[in-house]
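Student: below: sequence and its predicted model.
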Amino acid sequence: MTRTWAHQHRSKVRPTLGQLFQRGELGLAGLVLAISAMWDLQNSQYAPQTLAVGSVILALSGIMAGAVWIEGYCRHSTGAEIHPKRVWRDSRNLAFLILSIAGVAEILLDRFTKVMRL
Amino acid sequence: MSAPAPALFPAQYHPVKIRLSDPAAAAAWVSLVFGMVLVFLPVSFPHMIVENWQNGRLIPAMIFLTALLNGVIYLRAAHLRSAKPGLLTSAWLGALTVGTVVGFSVLLDAAILHEQSKLIPNSQALVNEEILAHTYWGLISGIFLPYLVIRFTQTLNFQTKVD
């Protein structure tokens, strides 16, 4: 999309993924993904202990990912010292964690639903 | 002129500043590997986990694996930031790792009792799924939660010093 935009506006801008999400926007995406995975988990038939454990881990990871975005935004707004590479790395790793957890949680939920139907 | 005596200029001690992205990346890879093994070995992998749980080997194996991974993450962070690993932080990290995994095993026992109380024909299959799920959440928490606590402890320490 950036290349299309650059072509349309005859610009030579070629941002990398790190530059596109340098303010930690991936952290916000991670938070949204964590909330939707928690929603799926809460609708399952797992034991309450399992639901609580999964939800707490997803919530903590989501909050920490969201905090990276919030901190980046606040630092940028107030003119405080900001390290775009560090913000990008933190938000990328936390979003990767949430994506991975959400994926495995969906696999576990699918297995559990199949066993319940037997 | 002679060089200053080393005792007058002791080497500055830099504690390892933990960033959550380090354990997050490690936990993400562990989660990805767990998911892939579960997809490619949907019968034998859960069977192996349940069998180890029945033999009482699952929790010690999880403690060993998470403690080893956390140690590697901590030493790598110390190496990358040119800091000296602290004995107190290492001990705290180890205790938190063991505590998290043991806490999850207690929760697993409660979840198993809950599934067995349902009195349905396939309750054993549900118990097996609970063991699988708790193993996964225990592994991820054993890596991520201790560093989360250490991160907050370090932030609080820093704020106390600033105040």
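Tutor: Looks like it arrived, so ask away. A quick note: this is a predicted structure, and the numbers were derived from the prediction, not measured. Residues are numbered from 1 along each chain as shown, chains lettered A, B, ... in the order given.
Student: count the residues that sit near A:Gly103.
Tutor: Using other Cβ atoms under 10 Å in any protein chain shown, A:Gly103 is surrounded by 17 other residues. C-beta coordinates here come from the backbone N, C-alpha and C atoms, glycine included.
Student: next, the contact list for it, please.
Tutor: Taking Cβ atoms under 8 Å, 6 or more residues apart in numbering or on different chains as the definition of contact, the neighbours of A:Gly103 are B:31-32, B:35.
Student: how about 10 Å then?
Tutor: Taking Cβ atoms under 10 Å, 6 or more residues apart in numbering or on different chains, we find A:Gly103 in contact with A:33, A:37, B:31-32, B:35-36, B:39.
Student: quick one, helices of the chain?
Tutor: If you meant another chain, say so; for now it's chain A. Listed from the start of the chain, chain A has helices (DSSP state H) covering A:2-8, A:17-20, A:25-42, A:48-78, A:84-117.
Student: sorry, should have said chain B
Tutor: Using DSSP H, the helices of chain B run over residues B:21-40, B:44-54, B:58-80, B:87-116, B:123-162.
Student: who touches the second one?
Tutor: The set of residues external to helix B:44-54 that reach it, using Cβ under 10 Å, 6+ apart, is A:111, B:34, B:37-39, B:41, B:57-62, B:105, B:108, B:112, B:124, B:127-132, B:134-136.
Student: rerun at 7 Å
Tutor: The contact list for helix B:44-54 (Cβ atoms under 7 Å, 6 or more residues apart in numbering or on different chains) reads B:37-38, B:58, B:61, B:128, B:131-132, B:135.
Student: then the first one?
Tutor: In this structure, residues lying in contact with helix B:21-40 by Cβ under 7 Å, 6+ apart are A:89-90, A:93-94, A:96-97, A:100-101, A:103-104, A:107, B:45, B:69, B:73, B:77, B:136, B:139-140, B:143-144, B:147.
Student: the worst-scoring helix or strand of chain B on mean pLDDT: which residues count as buried?
Tutor: Across the helices and strands of chain B, mean pLDDT, DSSP states H and E gives its lowest value to helix B:123-162, namely a mean of 86. Neighbour counts over helix B:123-162 (16 or more other Cβ atoms under 10 Å in any protein chain shown) mark B:125-151 as buried.
Student: I'd like the distance from that helix to the chain centre, please.
Tutor: Relative to the centre of its chain, helix B:123-162 is centred 6 Å away, using Cα atoms, centre = their mean, to the nearest Å.
Student: can you tell me if it touches chain A.
Tutor: Yes: using Cβ under 7 Å from any Cβ of the partner chain, helix B:123-162 reaches chain A at B:125-126, B:129-130, B:132-134, B:136-137, B:140-141, B:144, B:148.
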